[in-house]
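Trainee: Provided below for reference: sequence and predicted model.
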Amino acid sequence: MTTQNFPLNTWYVAATPEEVTDKPLARTICNLNLVFYRNDKNKAIALEDFCPHRGAPLSLGFVENGKLVCGYHGLKMGETGKTDSMPNQRVENFPCINAYAVEERHGFIWIWPGDQSLVDSDLIPDLVWSNNNDWAYGGGLYKIQCDYRLMIDNLMDLTHETYVHASSIGQKEIDEAPVDTKLEGQEVVTSRYMDGVYAPPFWQAALEANDLASDVLVDRWQICRFSLPSHVMIEVGVAHQGKGGYDAPDNVKANSIVVDFITPETDTSILYFWGMARKFKPEDQALTNKIQQGQGAIFSEDQDILEQQQRNLLIYPEKKVLKLDIDAGGVMARRLIDRAIKKEQAANK
Amino acid sequence: MTTQNFPLNTWYVAATPEEVTDKPLARTICNLNLVFYRNDKNKAIALEDFCPHRGAPLSLGFVENGKLVCGYHGLKMGETGKTDSMPNQRVENFPCINAYAVEERHGFIWIWPGDQSLVDSDLIPDLVWSNNNDWAYGGGLYKIQCDYRLMIDNLMDLTHETYVHASSIGQKEIDEAPVDTKLEGQEVVTSRYMDGVYAPPFWQAALEANDLASDVLVDRWQICRFSLPSHVMIEVGVAHQGKGGYDAPDNVKANSIVVDFITPETDTSILYFWGMARKFKPEDQALTNKIQQGQGAIFSEDQDILEQQQRNLLIYPEKKVLKLDIDAGGVMARRLIDRAIKKEQAANK
Amino acid sequence: MTTQNFPLNTWYVAATPEEVTDKPLARTICNLNLVFYRNDKNKAIALEDFCPHRGAPLSLGFVENGKLVCGYHGLKMGETGKTDSMPNQRVENFPCINAYAVEERHGFIWIWPGDQSLVDSDLIPDLVWSNNNDWAYGGGLYKIQCDYRLMIDNLMDLTHETYVHASSIGQKEIDEAPVDTKLEGQEVVTSRYMDGVYAPPFWQAALEANDLASDVLVDRWQICRFSLPSHVMIEVGVAHQGKGGYDAPDNVKANSIVVDFITPETDTSILYFWGMARKFKPEDQALTNKIQQGQGAIFSEDQDILEQQQRNLLIYPEKKVLKLDIDAGGVMARRLIDRAIKKEQAANK
């Protein structure tokens, strides 16, 4: 790897809390082969997945009293990457392996894959819905074989819903509504408003779940917010027509935030943590499950097209793709990413 | 790809008519990634499988009123490779993709993968059996992982029948009969005559299907005809002994043409369109099906040996293979191919 | 391949006798693609797996009257690599393929993959248990995707038993017992003695099979003997405590030799011929089968860790692994291997 394709001095979502247990978890993030586990204080730890003794992956081992033990010859690794002990051996001079800052916050396990001297847990983004009883959250994880930036493009240009998700959230009016893209501080915001349309199936169901009529005209909105390194939060919703749209009171609308944490696994694959946070009927777990299932089905429709797009771009490396107005969100997001990478590289010189 | 391994300014069989519908078909031909579909006049169209907007394969899309629509963001492609329209966009300056001349003729879809200014539909070969009620045709398509020239070698040297197809069309006398190879115009002709032999199982069945005794001595012939770029037509048959062999009257023989259109998919894989055209009992569809099934089974016996031969040649790139008299057909065919490629390259300078 | 990773002028186990029949067997050894079969005297033959006619693998062919026949066009190969005959052809000037010295001895088929002018069958090691009614032998073959030296390391450091084979032959005392490694002539010997311990499950069963009490303290030993190119014989056993341990009389102990012939297939894969020779109850075939099954299960536990270790070492080519006292056996074995390779290379200059 000679090219740096992603910012490293930043927080990525590495896992959901229930994925990291006392059984080691192998996971690749930003081309780093890592092992995750929990120590004796239940804190999530991330280390290079390489035993300094003979190079076996530590993820094949086990956790004993909160310590990661290599499954080959019993080397006991400390959570800072320094060997703790090994039967009958003096381990002081064993080479260390890399340890990575990990934080558990807002319902996710976060990792800082870059320079560990720069770690700043205050930089983990606030998530408005977490630890808030007015909100409910459900989500999942997909692994997709594509450059993480193709997924950002996908989410910052929702005209694809008309084609890829025709039977659920797509509708012809998305294509036809003008899109507005701007930079707000360090956030790229792409917004689209469709007034006086009929809600597509997913939103009809959401209205009904919210005890609202679904067969009437609605005002629909989509506000996509990209922030570094690769998070896309999309405010989406419908309100009965003429009641204020995005600003309508809660009792005439159904709205939620589509949550997308896109973590590069390698240069051409991602861990895609998707989910939906909603502000209505948060106590209704059956509704959470139903939405999660529906959203999971919708997002799986993107997988094939993204992977084939990636393959095609690799087949035709010399071809340029277009940057239309509808692509402006992705284009501006890439500009922020490029700037962040260049800044890191300049600092490393 | 730095080496040109196949002539490009020529017609290849790309598909059978029923493969090309209003559902896009992805197919690679001569290292070109293509999408095939039918327009509103039911004409087959072939385009580069690359959407100029964001690079998604157009073959993942759909056909609407005879227009190919990208399944990602709805770009509507014209059949000449120029974008027709896209929701809310001015498309005049969108880059074009390549379009390839396609003709439907003689029961096949033909493509000209090279210089489109040289396309000449008169160069599509005549097929004697097509649109002729005296003949019946049945065939199929196999994908084989080998250089297309290995398949030409295979078909121009039928001594392999004794070994690869021992239980159907092989017989010891093939090995023992002398073979004659010559260039007739632009056609390489390899012929072998075996007089006074017993017919192998396949031909016994053919004699019986033709209401002829099958347990008597026959004169058997095989006349392989190679023509550019990679077509091999093989006249094969048996006649009751001493009745004139190849020239015997129809009522004492069973004969047919083995049809082989070998289309390079990549440098080391082919689309192999095989079939058999026969001049007896053409109205007997059950017989056509039976022959098709039998031939399909026989030709599948070649697949493993061709793919393993290809793998072995890649393992031992420095080894030379022999060019015996029995190989003369393949050797002369390769000479015609090389000459055609050189001529194209000279013209491109 | 620019680097020589294994000695070539030496004997490797290529197969078990029942694997080599009159049906050709394709097998890769030391990066050589070979075909094995038996000639008309039932002698095992090994040839390059490449037909000089058109490059098809000879292993796709068949054996006729002890001669290997190519399955493509019937070339009949001689056992020295010189073509014997071909229908209607003069074969005197056909290029030869390589033939390799093969010996069947001590229950194995051995091959000398290097310089055939140096072949010396006296260099095949003696195996004490073969053709000896006091001993019984059972074994198997695993293919593992790792450098053969990783398997040597594995076998010369049995501390891994505590972790990888915890439920069968592992026990905590292995870790804790000091290990002694020395060079005895051309043999690397690593020994470990554990006195006054309880036998782990595998050895309890062995004691019981030998009609000995299994619930008493025992003295246990492991003596690993490496010899070039890649053979590891491990004397293992337990004796009732205080009866002399390794030197105790046969009626108070259960002991055997773990047999490991590790044949490089490629640079990163091996044919692993494992087995166990035991000196008690040699006539008990049911016991042989039971031990074979148990050992097969134990050795399959190594496969995953070895393959993942190999993958990890390829991912981190710049990382060095440690050479601890417990690794001394593997380290000294590699030193002998390196010296043998260098000697061959010097002789080739």
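Mentor: Nice, thanks for sending it over. Numbering: from 1, shown residues only, chains lettered A, B, ... in the order given.
Trainee: Every contact and neighbour count from this point should use C-alpha atoms.
Mentor: OK.
Trainee: got the residues of the stretch 151-300 of chain A near chain B?
Mentor: A:159, A:160, A:161, A:162, A:163, A:164, A:175, A:176 (CA under 8 Å from any CA of the partner chain).
Trainee: Give the buried subset of these as a ChimeraX selection command.
Mentor: Selection of the buried residues among those in ChimeraX, burial being defined by 16 or more other CA atoms under 10 Å in any protein chain shown:
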select /A:159,160,161,162,163,164,175
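Trainee: so where do the strands sit in the stretch 151-300 of chain A?
Mentor: For the stretch 151-300 of chain A, the strands defined by DSSP state E, counting those that start in this stretch cover A:179-184, A:187-198, A:217-227, A:231-240, A:253-266, A:269-278.
Trainee: Name the helix or strand of chain A that has the lowest mean pLDDT.
Mentor: Counting by mean pLDDT, DSSP states H and E, chain A has its least confident helix or strand at helix A:172-176, which shows a mean of 83.
Trainee: farthest pair in the residues of the stretch 151-300 of chain A next to chain B?
Mentor: Spatial extent of those (CA to CA) is set by the pair A:164 and A:176 at 16.0 Å.
Trainee: what's the residue nearest the centre of chain A in contact with, if anything?
Mentor: Central residue of chain A (CA atoms, centre = their mean): residue A:261, 1.1 Å from the mean position. Neighbour list for residue A:261: A:12, A:13, A:230, A:231, A:232, A:272, A:273, A:274 [criterion: CA atoms under 8 Å, 6 or more residues apart in numbering or on different chains].
Trainee: need the residues of the stretch 151-300 of chain A next to chain B in JSON lines with distance to chain C, can you?
Mentor: Below are those laid out as JSON lines (distance: CA to the nearest CA, whole Å):
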{"residue": "A:159", "distance to chain C": "40"}
{"residue": "A:160", "distance to chain C": "37"}
{"residue": "A:161", "distance to chain C": "39"}
{"residue": "A:162", "distance to chain C": "42"}
{"residue": "A:163", "distance to chain C": "40"}
{"residue": "A:164", "distance to chain C": "37"}
{"residue": "A:175", "distance to chain C": "45"}
{"residue": "A:176", "distance to chain C": "49"}
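Trainee: just how off-centre is the least confident helix or strand of chain A within its chain?
Mentor: Helix A:172-176 has its C-alpha centroid displaced from the chain centroid by 26 Å (CA atoms, centre = their mean, to the nearest Å).
Trainee: Can I get that helix as PDB, trimmed to CA atoms?
Mentor: Extracted C-alpha coordinates of helix A:172-176, given in PDB (Å, rounded to 0.1, in the frame of the first residue of the first chain):
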ATOM      1  CA  LYS A 172     -40.300   9.300  -9.200                       C
ATOM      2  CA  GLU A 173     -40.500  12.700  -7.500                       C
ATOM      3  CA  ILE A 174     -37.000  12.200  -6.000                       C
ATOM      4  CA  ASP A 175     -35.500  12.400  -9.500                       C
ATOM      5  CA  GLU A 176     -37.500  15.500 -10.300                       C
END
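Trainee: coming back round to it: next step: the residues of the stretch 151-300 of chain A next to chain B restricted to helices.
Mentor: Counting by DSSP state H, those place A:161, A:162, A:163, A:164, A:175, A:176 in helices.
Trainee: The closest residue to the last one other than its chain neighbours: neighbour count?
Mentor: In this case it means residue A:176. What sits nearest to residue A:176 in space, not counting adjacent residues and going by CA to CA, 6 or more residues apart in numbering or on different chains, is residue B:88, at 6.2 Å. Residue B:88 is flanked by 12 other residues according to other CA atoms under 10 Å in any protein chain shown.
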